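Student: fold the following.
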Amino acid sequence: MKNSLLIDTHIFLWLVLKIRLSPTTIGKINDVGNLYMSSISFLEIMIKQNNGKLPQFDIVELVNDMRITVLPYTENHAIHHRNYSPTNKDPFDNVIVTVAITEKLTLMTADKNILGLDIPELNTINARK
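Tutor: Next up, the predicted model:
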């Protein structure tokens, strides 16, 4: 999807909490035509909220306010799911990478494990630059 961006879970959280994102990165997000996040990010955030690792907030309201389209995790994603980084202990990363590749979206992340992947089909933007 041209002029579209899939944001990693932590990028969404950094936007919500207004931390760690440079003006350049915020500009890239603002300039994109379509902003997406995976429904798996919802699950990841809910788990962290339930474990007390994140403050409680209404994720649906924030996503709507930020005009983010949530992509459901589909059977097509599941069929194409692979363990892209066997050394990475975060299963959510592999799902988000699968969604980015399957949907042909550029993934914005600051995750070194994802940024270090050598996958020709995966386009990433380093959120720290």
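Student: where does pLDDT dip in this structure?
Tutor: 1-2, 83, 85-86 (pLDDT under 70).
Student: for it, which segments count as helices?
Tutor: With helices called from DSSP state H, the chain shows them at 9-17, 23-31, 39-50, 59-65, 75-80, 91-103, 112-115.
Student: centre of the chain to the longest one, how far?
Tutor: Think helix 91-103. Put simply, helix 91-103 sits 9 Å off its chain's centre (Cα atoms, centre = their mean, to the nearest Å).
Student: quick check: angle from that helix to helix 39-50?
Tutor: Between helix 91-103 and helix 39-50, the angle comes out at 160 degrees (axes from the mean of the first three to the mean of the last three Cα atoms, to 10 degrees).
Student: report the buried residues of helix 91-103.
Tutor: With burial defined by 16 or more other Cβ atoms under 10 Å, the residues of helix 91-103 counted as buried are 92-103. C-beta here means a position set from N, CA and C on the backbone, and glycine is covered the same way.
Student: deepest in the core, which of the helices of the chain is it.
Tutor: Most buried of the helices of the chain by mean neighbour count (mean count of other Cβ atoms under 10 Å) is helix 91-103; its value is a mean of 21.
Student: quick one on the thing from earlier: so which of the helices of the chain gets nearest N123?
Tutor: helix 91-103 (7.5 Å; Cβ to Cβ).
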